[in-house]
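Here is the input, now give the coordinates:
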Amino acid sequence: MLVILDRDGVINHYDGSYICSPTAWLPLPGSLEAIARLCHAGYTVAIATNQSGIGRGYYDVDTLEAMHSKMADLLKPLGGRVDLIAYCPHHPDQHCHCRKPATGLLEQIRQQLGLSTLAGTLMVGDSRKDLEAALSAGCQPCLVRTGNGRETEHHLRERPLAGVQVYDNLATLVDTLLATSR
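Residues are numbered from 1 along each chain as shown. Presented below is the predicted three-dimensional model:
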């Protein structure tokens, strides 16, 4: 079973500013433990993240990889891991096929994991773009209230999306998922 996570605002703190260094990448309370619990329960964990800071020249791929190495290093003692990270490095003006809400990152994950479909896969995000990508790819969209999540939830009242499940944070989502999958 696969769970796809957005990164900024779901796993790490995000206030709308670009995360441009490993020292600026700070996990949200309970998020790494939640990922570890998914791993212990047999889930595959992937990340689909827009990283336009690369296209904007704020940081480079090596810096992004250093952030992801930090995350992996913090997950390891918890028994957690991320099996695959797909990222879009493009500037929004490039109109690529991978930048969410497009489904390119989710399709990349599907292909690299050798899956025929993403049906039944949870896609967890904090923005409308994440939710729209999830719906377009056939995933179950889940919104967390961390990062941009509270603002997104507010806007969903005005412009709803079908079937979105809402949780306070990643830890709460994992609690619910693991309790119902027993």
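
max-length strand in the protein?
strand 44-50 (DSSP state E).

now for it, which elements pack on it?
strand 2-5, helix 31-40, strand 84-88, helix 104-112, helix 128-137 (3 or more Cβ pairs under 8 Å, 6 or more residues apart in numbering; DSSP states H and E). For every residue, glycine as well, the C-beta is placed using N, CA and C.

can you rerun that using 10 Å?
Counting contacts by 3 or more Cβ pairs under 10 Å, 6 or more residues apart in numbering; DSSP states H and E, strand 44-50 packs against strand 2-5, helix 31-40, helix 61-75, strand 84-88, helix 104-112, strand 122-125, helix 128-137.

Name the strands paired with it and say parallel or antiparallel.
strand 2-5 (parallel), strand 84-88 (parallel) (DSSP bridges).

What average pLDDT does the shortest one get?
The average of the pLDDT scores along strand 2-5 is 98.

quick revisit: just the helices and strands packed on strand 44-50: most buried one?
Among the helices and strands packed on strand 44-50, strand 122-125 has the highest mean neighbour count (mean count of other Cβ atoms under 10 Å), at a mean of 27.

Mind giving me the packing neighbours of it?
strand 2-5, strand 44-50, helix 128-137, strand 140-144, helix 149-158, strand 165-167, helix 170-180.

what would these look like in TSV with distance to residue 114?
Shown next, in TSV, are the helices and strands packed on strand 122-125 (distance: least, Cβ to Cβ, whole Å):
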stretch	distance to residue 114
strand 2-5	11
strand 44-50	11
helix 128-137	16
strand 140-144	20
helix 149-158	31
strand 165-167	27
helix 170-180	23
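
for the ones you listed, which one sits closest to residue 77?
Closest to residue 77 of the helices and strands packed on strand 122-125, according to Cβ to Cβ: strand 44-50, at 16.3 Å.

Please give the centre-to-centre distance between whatever helix or strand comes next after the closest one and its chain.
Per DSSP states H and E, the first helix or strand lying C-terminal to strand 44-50 is helix 52-55. Relative to the chain's own centre, helix 52-55 is displaced by 17 Å; criterion: Cα atoms, centre = their mean, to the nearest Å.

now for helix 52-55, which elements pack on it?
Using 3+ Cβ pairs under 10 Å, 6+ apart: helix 52-55 touches helix 61-75, strand 84-88.

want to try CSV for the helices and strands packed on strand 44-50, with distance to residue 180 as columns?
Putting these into CSV (distance: least, Cβ to Cβ, whole Å) gives the following:
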stretch, distance to residue 180
strand 2-5, 14
helix 31-40, 14
helix 61-75, 24
strand 84-88, 25
helix 104-112, 23
strand 122-125, 12
helix 128-137, 19
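
Sounds good, over and out.
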